[in-house]
Structure formats: structure tokens, C-alpha cells
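K.L.:
whatever this is, show me its structure:
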Amino acid sequence: ILADLDMETGRLTWVNRGDHLPILIRDSRWITDLSCPPAGPMGADLGLSVTVATEQLEPGDRLLLYTDGIVEARDRHGTEFGRDRFVDFIRRHHSGRHTLHETLRRLMAAVMEHHDGKLDDDATVLLTEWRGGHQRELTP
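P.N.:
Sure thing, here's the model as predicted:
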């Protein structure tokens with residue numbers, strides 16, 4: 001995913017280069033996958049057209065970008081951590097009780113524990129919250 005978020009207006013512009021779709025969390029309960037046709041990995045020259053998608057965020061919206069190493073991490077029985085568990089974890093831990101930083105620290109600990117302390121794939125997460133153009137008031 002290549003994305004740009006205008007911090008003043010909340011306009012998100014992005015391109016899907018083949019990873020999981022971004023997840024939008026609104027009011028700590030409404031969840032949706034943002035949609036955009038994939039253009040394939042950069043440099044692969046697959047001839048797929050590149051679509052630029054836009055989404056207007058509302059103050060308080062949270063955006064999750066992540067790689068498959070998060071949701072596809074498996075326990076010793078082969079059970080994936082999974083998208084639903086991932087999103088539910090973020091909603092529960094960042095419902096006003098924890099900062100974004102603490103929520104992500106706890107998430108990575110949970111993924112590592114689920115996967116017996118090691119990863120077989122990259123596990124990257126970006127969680128951001130747009131606060132309605134008040135970026136000068138941001139605290140970690």
C-alpha cells in the first residue's frame with residue numbers, strides 16, 4: 001500500500017500494490033476494508049493498471065495498514081492469528097485505555113506469543129488516528 005494522508009483535511013489517497021487492504025475503524029466499532037483494485041507488486045511489470053483510491057476520514061478515525069505476517073502467524077496447531085482477532089485486539093486495546101504506541105506494543109507481544117516467539121514472515125503494522133486537523137496537539 002502506498003498512501004498519503006492530508007493531515008489538515010483528512011483526505012486519504014492510496015494505491016493498492018498487492019498487500020492486505022487497509023482497515024478503517026470509526027467510532028471504535030464500525031469497521032470496513034477500504035477497497036481498491038490491486039496493481040501488483042512494484043517492479044513486477046504485470047501490466048495491471050494502477051488505480052488511485054481516496055477516502056475522506058472523519059475526526060477520530062483510525063487506519064490500520066498491515067502485512068500478512070500479522071494475520072497469518074500460526075500457532076503450533078496451525079491456527080492463524082487471523083484478521084478478526086487482529087481487528088478486535090486493536091479495538092479493545094485502543095478504546096481510550098491505551099495510547100497507539102502501547103496498543104501496538106501489546107499487539108506485537110500477542111502475535112509473537114501466538115507464534116511461539118518467532119516469526120516466519122515480516123510482521124508490520126501501521127496504526128494511525130486522524131484527529132480532525134489538530135495535529136499540533138498530538139501526543140504519543
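K.L.:
mind listing the helices for this structure?
P.N.:
68-71, 83-93, 100-114 (DSSP state H).
K.L.:
in TSV, list the ones you listed along with mean neighbour count and distance to Ala44.
P.N.:
Using the backbone N, CA and C atoms, a C-beta is placed for each residue, glycine as well. TSV is the format used below for those (neighbours: other Cβ atoms under 10 Å; distance: least, Cβ to Cβ, whole Å):
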stretch	mean neighbour count	distance to Ala44
helix 68-71	19	17
helix 83-93	16	25
helix 100-114	16	28
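K.L.:
how about those helices in CSV, adding mean pLDDT and distance to Ile1?
P.N.:
Below are those laid out as CSV (pLDDT from 0 to 100; distance: least, Cβ to Cβ, whole Å):
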stretch, mean pLDDT, distance to Ile1
helix 68-71, 89, 12
helix 83-93, 87, 15
helix 100-114, 89, 17
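K.L.:
out of those helices, flag the one nearest Gly10.
P.N.:
helix 100-114 (16.8 Å; Cβ to Cβ).
K.L.:
which neighbouring elements make contact with the closest one?
P.N.:
helix 83-93, strand 125-129 (3 or more Cβ pairs under 8 Å, 6 or more residues apart in numbering; DSSP states H and E).
K.L.:
and of the helices of the chain, who's closest to Ile31?
P.N.:
helix 83-93 (5.9 Å).
K.L.:
contact partners of that closest one?
P.N.:
20, 23, 25, 28-29, 31, 62, 64, 66, 70-71, 102-103, 106-107, 110, 127 (Cβ atoms under 8 Å, 6 or more residues apart in numbering).
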